[in-house]
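J.: Let me see the structure of the following:
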Amino acid sequence: GETPPKTPCQNNSVVVGMMVNVDSFREQFAKYVFSGILDRHPSLKIGWFEGGIAWVPTALQDAEHMLASYRHMFNHELEHEVRHYWNNHMSASFMVDPLGLRLIDQIGVDNVMWSSDYPHNESTFGYSEKSLASVVDAVGPEAALKIVSTNIQNFLGIS
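T.: A predicted model of the protein is given here:
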């Protein structure tokens, strides 16, 4: 089933619910980065699925700012900079995210995966080829191969 919105909505609640489903990504991202779990578990991999990729640059930017502003108040000193945790532990997937693809240099092509989410309503079913072509158009064939194939293989350890 679809996750209901945090605040009830009389009309189109499924769409509202889908729009806010990924709100928790930033919270969980912050917890993984700042809690020390990634320092304690250096081989842990985290995948952010079905939420797009455009949220990643602002999360990274804000986390770096928080680290610079509040490091003196930490009760757990991080072993690495924020981007180390993203680059070495995390990946995110998208189905259709032209904005995210324009920000690929901020996200890192090695941390991005395409998905279709078939058979769900929000999937790319019926236009997956067009969606894949837009990835190639946005980042070129070499980076697109990573995004649609190599990265998920690496993430799952099946390469």
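J.: Other residues contacting the longest helix along the chain?
T.: Secondary structure of the chain per DSSP state H: the longest helix is helix 55-70. Residues outside helix 55-70 that contact it (Cβ atoms under 8 Å, 6 or more residues apart in numbering) are 22, 25-26, 29-30, 33-34, 48, 78, 81-83, 86, 92, 100, 103, 106-107, 111. (C-beta placed from N, C-alpha, C; glycine too.)
J.: Next, check those residues against the helices and list the overlap.
T.: Phe25, Arg26, Phe29, Ala30, Val33, Phe34, Val82, Arg83, Trp86, Gly100, Gln106, Ile107.
J.: before we move on, back to that, the inter-axis angle of the longest helix of the chain versus helix 23-34?
T.: Orientation check (axes from the mean of the first three to the mean of the last three Cα atoms, to 10 degrees): helix 55-70 against helix 23-34 gives 50 degrees.
J.: check contacts around Gly108.
T.: So Gly108 contacts Trp86, Asn87 (Cβ under 8 Å, 6+ apart).
J.: any idea of the pLDDT on it?
T.: Per-residue confidence (pLDDT) for Gly108: 98.
J.: Output the lowest mean pLDDT helix or strand found in this protein.
T.: When each helix and strand of the chain is scored by mean pLDDT, DSSP states H and E, helix 13-20 comes last, with a mean of 70.
J.: Just among the ones in helices among the contacts of helix 55-70, which is most surrounded?
T.: For the ones in helices among the contacts of helix 55-70, neighbours were counted using other Cβ atoms under 10 Å, and Val33 has the most, 27 neighbours in all.
J.: State the distance from Gly140 to Ser123.
T.: Relative to Ser123, Gly140 is positioned 25 Å away (Cβ to Cβ, to the nearest Å).
J.: quick one, which of those two is more surrounded?
T.: The neighbour count for Gly140 versus Ser123, taken as other Cβ under 10 Å, is higher for Ser123 (16 against 11).
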